[in-house]
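**Student:** Turn this into a structure:
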Amino acid sequence: MIRVKINNNQFLVKSDASVLETCKFVGITVPRFCYHESLSVVGNCRMCLVEIEKAPKPVASCVTLVANDMQIFVDTYMVKKARESVLEVLLINHPLDCPICDQGGECDLQDQVKVFGGDYSRFFFNKRGVEDKACGPLIKTIMTRCIHCTRCVRFGAEIAGVEYLGTLGRGEATEIGGYISKMFASEISGNVIDLCPVGALTSKPYAFRARPWELRSTETIDLTDGIGANIYVNFKESEIVRILPKNSEAINGSIISDKSRFSYDSLKSQRVQKIFKKENSNFNSISILNFWDTLSNFTQNGKKKSIILINEELNTESIIFLKLLSNATNNKIALRKLNKGNNENYSLNLVSNIKDIRNKTFKTCFLISSNTRLEASIINAKIRAKTLNQIVSVFSLGQKFNSTFPTKFVNLNINNLLAVFEAKDTILSKILISSNSPLIVFGKSIHNRVVSLTQIYFVLKKVIPSAVFLNITLNSNTEGTNFLDIKTMSKQDFKLASNLFAINLDDLINIRKVITNSKLKLFWFNTHGSKIATKSDLILPTTTGFEEEGTYFNLEQRPQKTLRVFDTTDKGYSIIKAFTGAAGTFSNITTTKIKNSSKFLEFMNEIVLHPKYFEKIEKKLISPKIFFSEIKTYFSLYPLKSSIEDFYRSNNFSKNSGIMSQCSQELRKNFNNF
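**Tutor:** Predicted coordinates:
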């Protein structure tokens, strides 16, 4: 710690901090444009000028380190005049179109001109115009507004790993733009909209939709992947108009994926609006009372067994209710999930926290059958930041992909992969064993190749006790289904069942095969319509994560709760409400009984309300003797590759988004071989 004086007030501060960071630490605001906490420091906007004793002129505070007994002045006449001159230069070519700018009302330039700028302009010449750039369906550009802070350039080079934007020209002819006119092909490209301090880069889907003061905001979490990024949902009346990241150092930092930011238009696209029942090959709308009667008739017939098939995106409260329902009916109504491969709680004690990527000191990273760029774009950005700040060797054991950081690809099959773990490989085994606290990332694909990963976990943990494991999940509540021990659908279940309740399932090829080749009566509970819904006997609209409160476990088993953005009871029904309203056996299972029947929910709610409790939970390793004696492992010989090929259309919600469809079409243009 060193002693400095700021505006004649003495403070004890860190010795390796800049003057701007020191002022921020003690609560003094210094204006800036180019400086951002997540990016490197360049000092090219000169807005953060301060006066330092014995210095001949004002200095840029973002690039100047504090020294012992330094005297800093941030509000002298010289500093105020310097800031006024800087703003006057920035406004020379900046258009005065604030009334039609989407950034109006939350623009840094607008705010700082109001506080630090002059009250008149001395510029009476023609302003320079700059051609707008084409960045794809997500980012709208009006480059005449650009003030050359280079935040977007540094974001692409340092965080996204896609050097799409750059500085063109020199002097007065300087421009920011892409070297080639094409889409900004990054899974987190939308974050440049938040970084831009002016209206040069704005959201194209949000253009001319609303003003900031017209919007209401709700804090919730993202459900398009297994990370559970914290987000703000901005809505006007009953329509979501944009989604912004909420800063969460433990999970997503200040960035979110494009899928999280722009897929909200799926809420009003191809939604199931009414309850339909098939009668004589035609679908007729029915009331909720008729639905309950129909549901009771099919489920209470003693000769028939029903199966409730869910995916791993259903909230935990609904899963607990359905499990209680299954127990109350003596498994006459069986609860199953649709998931190939692994069917055990292997991750209950072994998965590390997301923040360990930044906090842990590791020099080796192994990506096992995982394309982190598509499967977990935020995790990919964190690994890239680690490779920039430290010397980290990344090995990808699986199919090659376009990585955003230096990666050594080793295309192995499952047999060769096991040979590496068993120390039979002369090169990779030595690297793995000699690594100190390596980061080992398991992709979704490896779970489809190995029936039981528990033994592999224990072998690696025994060989490398300090290893940091991270299990990538693609769905928002995979760990919730693991905690509640929901079994995977089997062929035997299909043989014994007569009714199939498909809840929020994605329209996949394997589901179509099951429905086509079986004689099951299908009841389709979903938010969106699809081709497979036309083959069902009953269709019920359900709610999305924006329309219903629920708890979800992300890939580090952290429980988080979504908040209802707006009420849409006329368009969808919660699963609990749909089954509770039926007569007979269902009537005695209520929401109150769910809350009172499980201490697990109480513990989960404590962590939701106090997230710091999650960091204190110690994850102990269960003795491997239990598992080695009881679990048999089967391997598939299919090649190790990513489970996602199209980032923008990875689940049912994003597939029904028009914005994501445009991105997918734009990206596929690069793969044409003619």
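**Student:** Give me the distance between the two termini of stretch 16-36.
**Tutor:** For stretch 16-36, the first and last residues are 17 Å from each other (CA to CA, to the nearest Å).
**Student:** what distance separates that stretch from the centre of its chain?
**Tutor:** 29 Å (CA atoms, centre = their mean, to the nearest Å).
**Student:** Please shift the residue numbers so they start at 304 in all later answers.
**Tutor:** New numbering, starting at 304: the last item is stretch 319-339.
**Student:** Now Cys966: closest residue in space that isn't a chain neighbour?
**Tutor:** Excluding its sequence neighbours, the residue lying closest to Cys966 (CB to CB, 6 or more residues apart in numbering) is Tyr951, at 4.5 Å. In this view, the C-beta of every residue, glycine as well, is placed from N, C-alpha and C.
**Student:** OK, contacts around the one you found?
**Tutor:** Tyr951 is in contact with 561-562, 957, 960, 963-964, 966-967, 970, counting by CB atoms under 8 Å, 6 or more residues apart in numbering.
**Student:** List only buried entries from those.
**Tutor:** Applying 16 or more other CB atoms under 10 Å to the contacts of Tyr951, the neighbour count classes 561-562, 957, 960, 963-964, 966-967, 970 as buried.
**Student:** ok so, going back, let me know the secondary structure of the residue nearest to Cys966.
**Tutor:** helix (DSSP: H, G, I helix; E, B strand; the rest coil).
**Student:** next one: stretch 720-731 to chain centre, how far?
**Tutor:** On CA atoms, centre = their mean, the centre of stretch 720-731 falls 33 Å from that of its chain.
**Student:** Would you mark the buried spots in it?
**Tutor:** Buried residues in stretch 720-731 (16+ other CB under 10 Å): 720-721, 723-724, 728, 731.
**Student:** Out of those residues, flag the one nearest to Phe538.
**Tutor:** Leu720 (46.5 Å; CB to CB).
**Student:** part of a strand, is the closest one?
**Tutor:** No - counting by three-state DSSP, Leu720 is not found in a strand; it is helix.
**Student:** That one is in contact with Leu700, isn't it?
**Tutor:** Yes - judged on CB atoms under 8 Å, Leu720 makes contact with Leu700 at a distance of 5.9 Å.
**Student:** got any residues that touch both of these two?
**Tutor:** 671, 943.
**Student:** Taking the centroid of this protein, which residue is nearest it?
**Tutor:** The centroid of the chain falls nearest to Ala532 when counting by CA atoms, centre = their mean (4.6 Å).
**Student:** show me what contacts that one?
**Tutor:** Contacts of Ala532 (CB under 8 Å, 6+ apart): 524-525, 548, 551, 554-555, 559-560, 563, 681.
**Student:** Tell me where the model's unsure across the stretch 854-977 of the chain.
**Tutor:** Low-confidence segments of the stretch 854-977 of the chain, defined by pLDDT under 70: 871-874, 883-901, 921-937, 974-977.
**Student:** where do the strands sit along it?
**Tutor:** 862-865 (DSSP state E, counting those that start in this stretch).
**Student:** Show me the helices in the stretch 704-853 of the chain, by range?
**Tutor:** 717-724, 731-737, 747-752, 757-766, 781-786, 794-799, 812-820 (DSSP state H, counting those that start in this stretch).
**Student:** could you show me where the strands are in the stretch 354-503 of the chain, in order?
**Tutor:** So, for the stretch 354-503 of the chain - with DSSP E, counting those that start in this stretch - the strands run 362-363, 373-376, 442-444, 468-471, 478-481.
**Student:** farthest-separated two in the contacts of Tyr951?
**Tutor:** Maximum distance among those (CB to CB): 14.2 Å, for Ser960 and Leu970.
**Student:** tally of neighbours for the closest residue to Lys658 other than its chain neighbours?
**Tutor:** Leaving aside its sequence neighbours, Lys658 sits nearest to Ala553 (CB to CB, 6+ apart; 5.2 Å). Using other CB atoms under 10 Å, the number of residues around Ala553 comes to 15.
**Student:** I'd like to know how far Ala553 sits from Glu391.
**Tutor:** 42 Å (CB to CB, to the nearest Å).
**Student:** Kindly report the same for Phe428.
**Tutor:** Relative to Glu391, and taking CB to CB, Phe428 is found at 13 Å.
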